[in-house]
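Participant: Any chance you could fold what I've pasted below:
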Amino acid sequence: MTDEKSVEKSVMIIGAGLAGSECAWQLARRGIHVRLHEMKPDKRTPAHVTADFAELCCSNSLRGESLSNAVGLLKEEMRRLNSLILSCADETRVNAGGALAVDRHAFSRLVTEKIRNCENIEIIPGEVIKIPENQENLDNNINNIIIATGPLTSDALADDLKNLLGADFDLSFYDAAAPLIAFDSIDMNHAWMGSRYNKGAADYINCPMDEAQYLEFVNALATAQEAEVHGFEDKKVFEGCMPVEVMARRGLDT
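Facilitator: Just a heads-up that it's a prediction; the model follows:
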């Protein structure tokens, strides 16, 4: 990798989340000028809390680190490629047994700081509501456009993407919001710290339930008030990261 000055052409990246920030960093480090468009803080979805890049709106865990599984191998490959996301995660990590988890706010702040201080990255705030046409790309010296808006794509840009795909294609964004529980709401006289799957350190809180408590818990989840479904969401769920209330509605054993 190099820190050479930008070449004649620029790459436009829409979205400064995990993928957009990593992409911008890797291109910039190779001497390619990047125009990074991010709608925050001018516009946010209901899931956004901060104005920082690479905001973790769901879990603060980047999953397992063991080299015996695919997610661990992927992270090691990213480290060897000087990944911005992995270096920031390693610097802001918190105890999580065999997983790589981070202080979500410190992580996003660090990613934002590094992106803002990178010489070849030009940050352009504001929502992109339409993908520029080819001729406009040439006029603005844009060589390529990378759309990295993920599941929190704004309604306007999602509609433009649907129009480009045509009536024969469906466009879906899958994501899951993990419930956040305040530590001071847990009675540690009954709960205890332990490892996950008997691997790593005792970094997880275990909350035991007897059968009656479990049945009450499942019923409460299945009948709880849900947040309003917004335009960028629907009732479909990603089976690999299923919301806990959906699991409860699928039955006691689930």
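Participant: Quick check: the residue most central in space within the chain vs residue 101, distance?
Facilitator: Within the chain, the residue whose C-alpha comes closest to the C-alpha centroid is residue 56; the distance, by Cα atoms, centre = their mean, is 5.0 Å. For residue 56, the distance to residue 101 equals 10 Å [Cβ to Cβ, to the nearest Å]. Every residue, glycine included, has its C-beta placed from N, CA and C.
Participant: my read: residue 18 touches residue 86, true?
Facilitator: No: between residue 18 and residue 86 there is no contact under Cβ atoms under 8 Å: 10.6 Å.
Participant: follow-up on the earlier one: show me what contacts the residue nearest to the centre of the chain?
Facilitator: Residues counted as contacts of residue 56 (Cβ atoms under 8 Å, 6 or more residues apart in numbering) are 102, 104, 107, 108.
Participant: Please enumerate the strands of this protein.
Facilitator: 10-14, 33-38, 61-64, 93-94, 99-102, 121-125, 142-147, 192-196, 199-206 (DSSP state E).
Participant: Run me through the strand neighbours of the fourth one, direction for each.
Facilitator: Strand 93-94 has its sheet partners listed here by DSSP bridges as strand 99-102 (antiparallel).
Participant: Now do the buried residues in the partner strand.
Facilitator: Taking 16 or more other Cβ atoms under 10 Å as the neighbour-count basis, strand 99-102 is seen to contain the buried residues 99, 100, 101, 102.
Participant: quick one: which of those residues is nearest residue 37?
Facilitator: Top of the list for closeness to residue 37, among the buried residues of strand 99-102 and by Cβ to Cβ, is residue 102 at 25.0 Å.
Participant: Give me the pLDDT for that closest one.
Facilitator: Note on residue 102: pLDDT of 96.
Participant: Enumerate the beta-bridge partners assigned to it.
Facilitator: For residue 102, the residues forming beta bridges with it (DSSP bridges) are residue 93.
Participant: Tell me the spacing between it and residue 143.
Facilitator: Where residue 143 is concerned, residue 102 sits at a distance of 33 Å (Cβ to Cβ).
Participant: Work out the gap between stretch 33-53 and the centre of the chain.
Facilitator: Computed by Cα atoms, centre = their mean, to the nearest Å, the chain-centroid distance of stretch 33-53 equals 12 Å.
Participant: I meant stretch 169-188, not that one.
Facilitator: For stretch 169-188, the distance from its own C-alpha centre to the chain's C-alpha centre is 12 Å (Cα atoms, centre = their mean).
Participant: Now for the most far-flung residue of the chain relative to its centre: which residues touch it?
Facilitator: Relative to the mean C-alpha coordinate of the chain, counting by Cα atoms, centre = their mean, the farthest residue is residue 212 (36.3 Å). Neighbouring residues of residue 212 by Cβ under 8 Å, 6+ apart: there are none.
Participant: what pLDDT does it get?
Facilitator: You'll see residue 212 listed with a pLDDT of 96.
Participant: So it versus residue 36, what's the distance?
Facilitator: 53 Å.
Participant: Kindly report the same for residue 68.
Facilitator: From residue 68 to residue 36 the distance is 36 Å (Cβ to Cβ).
Participant: Excluding chain neighbours, what is closest to residue 245?
Facilitator: Setting aside the residues directly before and after it, residue 245 is nearest to residue 221 in space (Cβ to Cβ, 6 or more residues apart in numbering), at 4.9 Å.
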